[in-house]
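# A structural model of the following input is requested.
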Amino acid sequence: MSDSHIGGPMLWPEGEPWLVCHEPHQRETEGYAPDEIRSARAAGAWPPSRPWPDARPPGEDGPVPFVGLAQFFRRSIPGLVSGPDGADLVQLFRCPFTHGPYLERRYRLVWRQAVATERAERFLTAPPEVPLLRWEHELPEPCVLHPEEVDTSPWAEEDALPAPLIARIDAWDDAQAAEHGPDAPSYQYDLSIPPGWRVGGFPSWASTGPMAVDCAACATPMRLLLTAGGYEMDGGSHSWVPLEDRDPSLQGKASIRGGPSVAQPTRLRFGRDRDLHVFTCPADPGHPPQWVLA
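Numbering: from 1, shown residues only. From the prediction side, this is the model:
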């Protein structure tokens, strides 16, 4: 509870009301019970789907509790920027249901002073849950983090890097491919931005192209607080795979081993397997964050 992790219990004082979503939610007809998801994962199986009670939309009878996705302490992740009033613990939450005709999602950040929060007498061990989740991947698989600091570079695309530099990068990529074949290193996959969850650094723009993200309250260009990713590795980004998850007798993407439990340890998905970028305002961390699927 008092460490940085994805899924699992949040450091949440017992007497503090849990986050709930009061907005109307998209009508659903079936879903998966959280306890059955957990049991099925433990058995290496797939949980059964259940019809929604009376085919009522989720949340019709009251607010819907948010799902705790992750929490990060600056004491274990030095690159984590401070929140309002110097807060050094940030917790990320998501409403388990979609909103409106475009199936939008709702996220929330909770900032805390870690030491002050840990002085609470008792903590919530079983947060409220909805009876059914629309998708199996709405429930995060608890994962303890072992942060590693790496150097990253901006996305190699117009509006993120100068055109002459992009041309030099493209020429270098072509030379590497000519010399080393399909498993040659490339700037975008091997030198720019690693896949998966990360704090700080640069955003990836694979789906949308580079975007300007300005604070809605003061128009200051926002900075990337964290990125949540569905996959920790893929065929193109094989060079970022930890050594313990690679077969030393093989080269390139063929060396990745471990299956879905290694490639997608959190079991979460964001959009159509895109990255969720969380931006905050450097001028005032108390200004509303922005959420970008890219």
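# scan this structure for its longest helix.
Across the chain, the longest stretch assigned as helix under DSSP state H is helix 163-180.
# for that one, which positions count as buried?
For helix 163-180, the buried set under the neighbour-count rule, 16 or more other CB atoms under 10 Å, comprises 166, 169, 173, 176. C-beta here means a position set from N, CA and C on the backbone, and glycine is covered the same way.
# show the contacting residues for the second one.
For Ile169, the set of contacting residues under the criterion of CB atoms under 8 Å, 6 or more residues apart in numbering consists of 156, 161, 187.
# for it, give its distance to Asp190.
Distance of Ile169 to Asp190, computed by CB to CB, to the nearest Å: 12 Å.
# please settle this for me: is Leu191 part of a helix?
Yes: Leu191 forms part of a helix when assessed by DSSP: H, G, I helix; E, B strand; the rest coil.
# name the nearest residue to it, ignoring sequence neighbours.
Ser153 (6.0 Å; CB to CB, 6 or more residues apart in numbering).
# do a quick rundown of the helices in the chain.
Secondary structure of the chain, counting by DSSP H: helices at 34-42, 114-118, 163-180, 260-263.
# so can I have a markdown table of those showing mean pLDDT?
Converted to a markdown table, the helices of the chain look like this (pLDDT from 0 to 100):
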| stretch | mean pLDDT |
| --- | --- |
| helix 34-42 | 96 |
| helix 114-118 | 96 |
| helix 163-180 | 95 |
| helix 260-263 | 77 |
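# for Val90, see how far away Gln290 is.
Going from Gln290 to Val90 by CB to CB gives 15 Å.
# those two - which one has more neighbours?
Neighbour comparison, Gln290 and Val90: the larger count goes to Val90, with 28 against 17 (by other CB atoms under 10 Å).
# what bridges to that one?
When assigned by DSSP bridges, Val90 has beta-bridge partners Phe72, Trp111.
# quick one: it and Phe72 touch, right?
Yes: taking CB atoms under 8 Å as the definition, Val90 is a contact partner of Phe72 at 5.4 Å.
# what's the overlap in contacts for the two?
Listed as contacting both Val90 and Phe72 by CB under 8 Å, 6+ apart are 80, 226.
# as CSV, the helices of the chain with distance to Val278 would be great.
As requested, those are arranged in CSV below (distance: least, CB to CB, whole Å):
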stretch, distance to Val278
helix 34-42, 24
helix 114-118, 19
helix 163-180, 26
helix 260-263, 22
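# looking at those, which is closest to Val130?
Checking those against Val130 by CB to CB gives helix 34-42 as the closest, at 7.7 Å.
# these two touch, right, Thr98 and Trp135?
No: when contacts are counted by CB under 8 Å, Thr98 is not listed as touching Trp135 (9.8 Å).
# these two: which has the busier surroundings?
Higher neighbour count among Thr98 and Trp135: Thr98, with 18 against 14, using other CB under 10 Å.
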